[in-house]
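# sequence and predicted structure are below.
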Amino acid sequence: MDSILEFLGDISWWTWILIFLGLVLIYDIFINKKHTILHNFPIVGHFRYMLESIGPELRQYIV
């Protein structure tokens with residue numbers, strides 16, 4: 001158990017980000033059937049939905 005924790009501790013922070021993005025990519029391409037945007041553009045689609053959720057605040061600030 002200690003060797004596994006030591007191995008996980010040696011992984012750098014950017015590798016964890018790549019692993020997370022890879023898991024999101026696999027989920028969106030192979031499992032997600034609800035959102036076509038996320039199925040076709042997995043990573044960029046999440047940014048689209050995030051910006052869409054703060055759209056009213058952005059419009060209020062800009063206008």
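Cool, the structure landed. Numbering: from 1, shown residues only.
# now do stretch 10-29, average pLDDT.
For stretch 10-29, mean pLDDT is 92.
# what residues are up against the closest residue to residue 24 other than its chain neighbours?
In space, and not counting its chain neighbours, residue 24 is closest to residue 42: 6.2 Å by C-beta to C-beta, 6 or more residues apart in numbering. No exception for glycine: its C-beta is placed from N, CA and C like everyone else's. By C-beta atoms under 8 Å, 6 or more residues apart in numbering, residue 42 lies in contact with 24-25, 28-29.
# how does it look with 10 Å?
21-22, 24-29, 32, 35 (C-beta atoms under 10 Å, 6 or more residues apart in numbering).
# just the closest of the residues you listed to residue 7, please.
Taking C-beta to C-beta as the measure, residue 7 lies nearest residue 22 of those, at 18.1 Å.
# re earlier: reformat the contacts of residue 42 as JSON lines; add distance to residue 52.
Shown next, in JSON lines, are those (distance: C-beta to C-beta, whole Å):
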{"residue": "21", "distance to residue 52": "20"}
{"residue": "22", "distance to residue 52": "24"}
{"residue": "24", "distance to residue 52": "17"}
{"residue": "25", "distance to residue 52": "20"}
{"residue": "26", "distance to residue 52": "23"}
{"residue": "27", "distance to residue 52": "20"}
{"residue": "28", "distance to residue 52": "16"}
{"residue": "29", "distance to residue 52": "21"}
{"residue": "32", "distance to residue 52": "17"}
{"residue": "35", "distance to residue 52": "12"}
